[in-house]
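Enquirer: Requesting a structural model of the entry that follows:
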Amino acid sequence: MDTTSGTPEQGHVGRRTVLRGVLGTGALAGTHAALAGRANASVSGGGDDAEHGVEHGWGKVADVFRANFRNPGEVGAACSVYVGGRPVVNLWGGLADREAKRPWRRNTIVQVASTTKGATAICAHMLVQRGELDLDAPVAQYWPEFAAAGKEQIPVRWLLSHQAGLPIVDGPLTFEQACAWHPVIRALEAQKPLWQPGTEHVYHSVTFGFLVGEVVRRITGKSLGTFFAEEVAAPLGLSAWIGLPGKEERRVARIHYAAPFSLEELKAGLIAITGLDADTVAAWVNAVWAPGSVQARAGELGGALDNTSDYPSTRAWRAAEFPAANMLADARSVARMYAATVSDVDGVRLLDPSTVEKMTVVQTDKTPMHGLPPGLNLPADRSFNMSLGFWRACPPMPLVGPGSFGHPGSGGSGGFADPDAGVGFGYVTNLWNFRPDDPRAANLVKAVRACLG
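Expert: Below you'll find the model as predicted:
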């Protein structure tokens, strides 16, 4: 397993570096190598349950899903698509554990990394819709201790749009403290913003979940994971958890990591997906990956999330609540959750159209990215096209239409909705790679667009 944490000076990029890096925790990335011995991996679907299989007219998605096992390669994966509140695609295949040769089954779940942020944002906007949360109210109105260190006027919306100036925790924090929740909250209360809040933005890789999650907890008396379980997962019948119960451990797919790739490959990939020129991309990458940069530190959580440890594979990590990063789910659940934000799904609708319209207005086009060299023009729709908790469709992530919104996850997973087409989409994988230009999820989304016509 690769545990490298590459920097520009070292000339390569490893899994921890990119997890923190240029496109946050990944932009629907994948792997560059075909999986030896799985070139003709089977794709499962069908069965008596109408939620499993491929409806007529959606065969292109199945073709692409199958092809992904040949090139660029998968270990195990699943993909699901809903349209108008109904499942039209539900596929799974490959191996949940390559070493043990354990097959990926219908009920296999896997970590989806920052795809978690979309679930967390949905919870917050459900409270907005109910009139319990005002996005323009100071965070301190709900969480009084947050007002310390000059944070008394930060509105809730800046937490959701990564503009609060709190991407890091000075620490030190241990992994055990981070899993316990409250030590992180105390640290964030004492933290001084890194910039004047609302004037810049940068991806709050891990703190996003604690900041938004604590506001939800203060309003409801429930942890974010509990709120999600009771208000989202249970009504929709999802196999998705932020804080995994021990009885579900047997379903978890093992994470496998693709090999590191060179800094030049990273730059080439970013040029390809963003359409930015080489000089702009080089300046962006060098600023983001400079040793000790804010974005590099954002994933460390004050030292709690150590580069050299394999905490994502531990029971302690899966059992804890990290509402920015550690949801475990299957593709059906991700797609069904997003479908319920834009459609009625078996009598459940999470968000109304007015809420969706307001929460998906892009915010990061109004402020520069923190840490960039003076004068560097980095348009939001080419770099970090963030609304209130969701990425918006843009050239690096075209999704299915201009109204699409969702969130990618480090290593490859992702989910999104499109209100115009009534689509909910979910893709999960256990072969994690952080190349921004990998085609696995992008190919699936392209197939969805083709099927929609």
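
Enquirer: show me where the stretch 351-453 of the chain has strands.
Expert: Using DSSP state E, counting those that start in this stretch, the strands of the stretch 351-453 of the chain run over residues 391-392, 405-408, 414-418, 423-429, 431-432.

Enquirer: Looking at those, which is nearest to residue 128?
Expert: Residue 128 sits nearest to strand 405-408 of all these, at 15.1 Å, using Cβ to Cβ. In this view, the C-beta of every residue, glycine as well, is placed from N, C-alpha and C.

Enquirer: show me what contacts the nearest residue to residue 164 once chain neighbours are set aside?
Expert: Leaving aside its chain neighbours, residue 164 sits nearest to residue 158 (4.5 Å; criterion: Cβ to Cβ, 6 or more residues apart in numbering). Going by Cβ atoms under 8 Å, 6 or more residues apart in numbering, residue 158 touches 164, 197, 198.

Enquirer: distance of residue 158 from residue 303?
Expert: To residue 303, residue 158 is 25 Å away according to Cβ to Cβ, to the nearest Å.

Enquirer: One more: residue 453?
Expert: To residue 303, residue 453 is 51 Å away according to Cβ to Cβ.

Enquirer: quick one: which of those two has more around it?
Expert: In this view residue 453 and residue 303 are compared by other Cβ atoms under 10 Å, and residue 303 has more residues nearby, 17 against 6.

Enquirer: What pLDDT does the model give the more buried one?
Expert: Looking at residue 303, its pLDDT reads 94.

Enquirer: now do the same end-to-end measure for stretch 418-436.
Expert: 22 Å (Cα to Cα, to the nearest Å).

Enquirer: err, stretch 236-255, not the other one
Expert: OK, stretch 236-255 end separation, Cα to Cα: 26 Å.

Enquirer: Bridged to residue 86, which residues?
Expert: residue 83 (DSSP bridges).

Enquirer: and it, how many neighbours?
Expert: Other residues within reach of residue 86, judged by other Cβ under 10 Å, total 17.

Enquirer: same check, this time on the one 5 residues further on
Expert: Other residues within reach of residue 91, judged by other Cβ under 10 Å, total 26.

Enquirer: ok now do the residue lying closest to residue 323 once chain neighbours are set aside, which residues does it touch?
Expert: Leaving aside its chain neighbours, residue 323 sits nearest to residue 209 (3.3 Å; criterion: Cβ to Cβ, 6+ apart). Residue 209 makes contact with 116, 117, 120, 224, 321, 322, 323, 324, 325, according to Cβ under 8 Å, 6+ apart.

Enquirer: The last one - that's part of a strand, no?
Expert: Read it as residue 325. No - the assignment for residue 325, made by DSSP: H, G, I helix; E, B strand; the rest coil, is coil rather than a strand.

Enquirer: show me what contacts it?
Expert: By Cβ under 8 Å, 6+ apart, the contact set of residue 325 is 25, 113, 114, 116, 117, 205, 206, 209, 410.

Enquirer: for the residue nearest to residue 323, helix, strand, or coil?
Expert: Following three-state DSSP, residue 209 is assigned to helix.
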